[in-house]
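In: Based on what follows, work out the 3D shape:
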Amino acid sequence: MPEAPEVSPNDHDPLHALCRSGELANGGQAVPFDVVYSGQTCRAFAVRFEEEVHAYLNRCAHVAMEMDWQPNRFFDDTGRWLLCATHGAVYQPDTGVCRGGPCRRGLVKIPLVERDGVVFWQSQYPFHPPEF
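Out: Below you'll find the predicted structure:
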C-alpha cells in the first residue's frame, strides 16, 4: 500500500490510505476500516457505486447495529442498493439516504478521496483515526 500523504488536497484534513482502487468493484464487496466517530471507535466500510467510491459507518440508521449480511457484503443482489441484514432497511449507495424499510434517516457518510490508484479516507470532525 502506498504511503498516505500527510495532508489532503485542501491542506486541512489528513488522508489515510484505505485500499487500492481496484479492490472496490461496482456493486461488489466493501473494504472495512475503523474510525473514531464522536469519541467511539466504530466499524466503517467503503464501496464503489457507479464508478464512484463512498464510505459510511457500518451502523444502520434504524438501530445502531452492523449492516453487512455476510462479511463485507452490503449490496443487494442487483448491486443497486445497500441493505441492512438485520432490519431490511434499504439505502442509496451514493448518498446513504434511506429508500425503504425501518429507518428515519440516512447512513453517516465518511469523506473519501481517490487518486493515483489509491482510496483514502479523510480525517475531519467528527471522524478521526483510532489510536493503538
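In: When you work out contacts or count neighbours from here on, use the C-alpha atoms and nothing else.
Out: Fine.
In: so where does the residue positioned nearest the centre of the chain fall, helix or strand?
Out: By C-alpha atoms, centre = their mean, the chain has its centre lying nearest to Ala55, at 2.0 Å. Assigned by DSSP states H and E, Ala55 belongs to strand 52-57.
In: ok, back up a step: so how many other residues sit close to the nearest residue to the residue nearest to the centre of the chain once chain neighbours are set aside?
Out: Leaving aside its sequence neighbours, Ala55 sits nearest to Ala46 (C-alpha to C-alpha, 6 or more residues apart in numbering; 4.1 Å). Residue neighbour count, defined by other C-alpha atoms under 10 Å, stands at 27 for Ala46.
In: before we move on, what SS does Ala46 have?
Out: Here Ala46 is strand, with the state taken from DSSP: H, G, I helix; E, B strand; the rest coil.
In: so it sits right up against Pro32, yeah?
Out: Yes: with contact defined as C-alpha atoms under 8 Å, Ala46 and Pro32 form a contacting pair (6.4 Å).
In: Contacts only, for Gly27.
Out: Neighbour list for Gly27: Val47, Arg48, Phe49, Phe75, Thr78, Gly79, Arg80 [criterion: C-alpha atoms under 8 Å, 6 or more residues apart in numbering].
In: Now render those residues as TSV, adding pLDDT.
Out: Formatted as TSV, those follow (pLDDT from 0 to 100):
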residue	pLDDT
Val47	98
Arg48	98
Phe49	98
Phe75	96
Thr78	92
Gly79	93
Arg80	95
